[in-house]
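> Predicted model, plus sequence, below.
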Amino acid sequence: MSARELVLLADDEPLSREFLQEALQSFGCDVHAVADGGDALAALSSGTFDLVVTDLRMPVADGLQVLAAAKTADPVRPVVLVTAHGTMDVAVQAMRRGADDVLEKPIDLDALELLLTRVRDRRRILRENAFLREQAIGGELVVASAAMQHVVELVQRVAKSRATVLVRGESGTGKERVAALVHALSDRAQRPFVKLNCAAIPEALLESELFGHEPGAFTGAAKRREGRFELADGGTLFLDEVGEMSAAMQAKLLRVLQEGEFERVGGNRTLRVDVRIVAATNRDLAREAAAGRFRSDLLY
């Protein structure tokens, strides 16, 4: 995943804290480091973090209190405890209370890198499962004519490339199933296939659906929410009825296609994702572009 995680690091030992901060940064994380459990609790109440790494024994509040607060605010957020040699019995208790992993001091860099890989994979699986539980990849595509056989042969050729794909056709002709087939035949087949009907989402909410939002970004945004681009990272995002997008949203989509980056609504961190776009429309986008209703550069 190319979007950098924001990590809350709590450790009262300056040398250990500095070492861990530099190590986490070298492994692609942004780090907010604090010197005791009290500061960690304050940071949790005022900020949103992707991962919490906390020492077990600290003044003001210990690692178990930080663990409890982090999990209360976000039950699926990974929390890693750091413990000195000889306190592994306490660490086992922490695992039973919901800690996702344990690191023993002195920290081994290879062990830290492996732990981050496990945490990232676990976080990705949890968020994919939460979003995709009710979704499926479109069902069987019935091929009963020479024309459809030609479509399938074309899909087989296109699927192996990295090209953005536009599927055109009338409503009910199986555009979503063609998109699902592009995904299933690509090298992204084991990664997420995320769908969004652009015509079914009110304009005011479409940006949040695509890019996610930060807490407080708008009325009712109590927690951070990851958008479809983040959920589809490494996989395929199917944008149905893309021709219904407003000019403003077309511009934002164009930026992601060109640069592979965006910001969540209400956020200031630039996130990068690796997403293949398959779009579908029942409109004649060339005619729409000529009439000024669709961006010609986005169509291109």
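Looks like it arrived, so ask away.

> Helices of the protein, residue ranges please.
14-26, 37-46, 63-73, 88-96, 109-132, 146-159, 175-184, 203-211, 228-231, 247-259, 285-290, 296-299 (DSSP state H).

> now the longest one: mean pLDDT?
Confidence over helix 109-132 (mean pLDDT, whole number) is 76.

> So which elements touch it?
With contacts defined as 3 or more CB pairs under 8 Å, 6 or more residues apart in numbering; DSSP states H and E, helix 109-132 has these neighbours: helix 14-26, strand 101-104, helix 228-231. Any C-beta I mention is one placed from the backbone N, CA and C, and that applies to glycine too.

> Excluding chain neighbours, give the residue nearest to the residue minimising distance to the centre of the chain in space.
Centroid check for the chain by CA atoms, centre = their mean gives E230 as the closest residue, at 2.8 Å. Excluding its sequence neighbours, the residue lying closest to E230 (CB to CB, 6 or more residues apart in numbering) is G212, at 5.9 Å.

> quick one, what contacts the one you found?
224-227, 229-230, 264-265, 267 (CB atoms under 8 Å, 6 or more residues apart in numbering).

> any idea how far V102 is from M95?
7 Å (CB to CB, to the nearest Å).

> In terms of neighbours, single out the busier of these two.
V102 (18 against 13; other CB atoms under 10 Å).

> partner residues bridging the more buried one?
Beta-bridge pairing for V102 (DSSP bridges): L81.

> can I assume it is in contact with A84?
No. Counting by CB atoms under 8 Å, V102 sits too far from A84 to count as a contact (11.4 Å).

> tell me the most buried of the helices and strands packed on helix 109-132?
Most buried of the helices and strands packed on helix 109-132, by mean neighbour count (mean count of other CB atoms under 10 Å): helix 228-231, with a mean of 22.

> Packing partners of that helix?
helix 109-132, strand 193-197, helix 203-211.
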